[in-house]
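[1] Dropping the sequence and predicted coords here.
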Amino acid sequence: MLSRTADNLFWLSRYVERAEALARILEATQRLASLPAAYGGKTNEWESAVQTAGVAEAFFDKHEEANHETVVAYLAFDRDNPSSILNCFETARHNARSVRTALTMEMWDAINGAWIELRRTADRKLEGEELTRFLSWVKEISLRFDGSASRTMLRNDIYDFSRLGMLLERADNTARILDVKYHLLLPEEGGVGGGLDYYQWSAILRAVSAMTSYHWVYRESLKPWLIADLLILNDQMPRSLAACYGELVRHLDALARSYGRQGQAQRMARASRVRLENADIREIFQTGLHEFITGFLSDNNRLGLAIHEQYLA
């Protein structure tokens, strides 16, 4: 396969996954911001949304305050934000057109239809139920694209490159969502373990569709270390870091077999997978959850660069 084709497939899936993650971040933020003041504590939910999305510096270069109006506009529709939902779908569609013959009809229809519909929405100011419906629609498009890939693509190198982009992006977003709750949204005035803290953790689980899974696995009330265990180390949870890296190793090994050679990307993915397999959530909390996630994000970025140099450059 041409490296240009592999690169388009990789970034196509990565941008679709990023659009879904932004919708989930906005949905969780909207839910947290609507909590009654009686729960107490000073929180910065809208600022945390741009922190989670990794665009805080660019956002505050353009806006003085992070509030509902400015954050929704910036993360959903702002042309100046390369990672806005609008730009993610536009870039995804551009990549899809470049590899149109490598995609199944269902995958192309999902992306092309989403772009056509999104252009009708981009100039509208979304609030309340309308915003909720829009965010649900974004998630549905991602699910449709991902489901089409899973059900209709041949299991070859085209499929492997597509999955690599999705899995790297998913691992990055899960880590950022967890880190923002623990590092930025902690109650400031003795609210740890209180009502506000409970609803913040609940919103984080809902942001990754893990509330039901949490209760199935642990059968306990929400506890920060168990939530972290689910989202970091539990292979059964498809958005966990461990599950993402298990799949990354599998697809990189498939590419190594297809091309008859292994490289730095395979070694780095296996090393990260082994670290996650051998990790213990109690030790992670003792050494610092924020420090662990910061290290993971750096390793995840390095793996992306290694994949680029090995296959996409």
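    Thanks, I have the structure now. Numbers count the residues shown, from 1 in each chain.

[2] where along the stretch 151-300 of the chain do the helices fall?
    157-183, 195-207, 211-218, 224-232, 241-259, 264-278, 281-287, 289-307 (DSSP state H, counting those that start in this stretch).

[3] what's the average pLDDT for the first one?
    Translated: helix 157-183. In this model, helix 157-183 has an average pLDDT of 90.

[4] can you check the shortest one too?
    Per-residue pLDDT values across helix 281-287 average out to 90.

[5] and that helix, what other elements does it pack with?
    Using 3 or more CB pairs under 8 Å, 6 or more residues apart in numbering; DSSP states H and E as the contact test, the elements touching helix 281-287 are helix 224-232. C-beta coordinates here come from the backbone N, C-alpha and C atoms, glycine included.

[6] what's the spacing between the helix it packs on and its chain's center?
    Helix 224-232 has its C-alpha centroid displaced from the chain centroid by 16 Å (CA atoms, centre = their mean, to the nearest Å).

[7] Tell me the helices and strands packed up against that helix.
    Applying 3+ CB pairs under 8 Å, 6+ apart, we find helix 224-232 packed against helix 157-183, helix 195-207, helix 211-218, helix 241-259, helix 281-287.

[8] Just name the most buried of those helices.
    helix 157-183 (a mean of 23; mean count of other CB atoms under 10 Å).

[9] Let me know the angle separating it from helix 195-207.
    Following axes from the mean of the first three to the mean of the last three CA atoms, to 10 degrees, one obtains 180 degrees for the angle between helix 157-183 and helix 195-207.

[10] low-scoring stretches of the stretch 151-300 of the chain, by residue?
    Per-residue confidence for the stretch 151-300 of the chain (pLDDT under 70) gives these ranges: 181-197.

[11] just to revisit the earlier point, out of the helices of the stretch 151-300 of the chain, which is closest to Met1?
    helix 157-183 (5.5 Å; CB to CB).

[12] and the angle for the closest one with helix 224-232?
    Relative orientation of helix 157-183 versus helix 224-232 (the same axes, to 10 degrees): 170 degrees.

[13] In terms of secondary structure, what does helix 157-183 contact?
    Under the contact criterion of 3+ CB pairs under 8 Å, 6+ apart, helix 157-183 touches helix 3-33, helix 45-52, helix 128-152, helix 195-207, helix 224-232, helix 241-259, helix 289-307.

[14] Of all the ones you listed, which one is nearest Cys88?
    When these are ranked by distance to Cys88, counting by CB to CB, first place goes to helix 3-33 at 3.9 Å.

[15] ok, and for the closest one, which residues are buried?
    When burial is assessed from 16 or more other CB atoms under 10 Å, helix 3-33 yields the following buried residues: 5-32.

[16] same check, this time on stretch 61-81
    For stretch 61-81, burial by neighbour count (16+ other CB under 10 Å) applies to His63, Ala66, His68, Thr70, Val71, Val72, Tyr74, Leu75, Ala76, Phe77, Asp78, Asn81.

[17] of these, closest to Arg239?
    Compare each of those with Arg239 using CB to CB and the shortest gap goes to Leu75, at 19.6 Å.

[18] ok, now which ones touch the residue nearest to that closest one when sequence neighbours are not counted?
    Setting aside the residues directly before and after it, Leu75 is nearest to Leu22 in space (CB to CB, 6 or more residues apart in numbering), at 5.3 Å. The neighbours of Leu22, taking CB atoms under 8 Å, 6 or more residues apart in numbering as the test, are Ala53, Leu75, Ala76, Ser83, Ser84, Ile85, Cys88, Val138.
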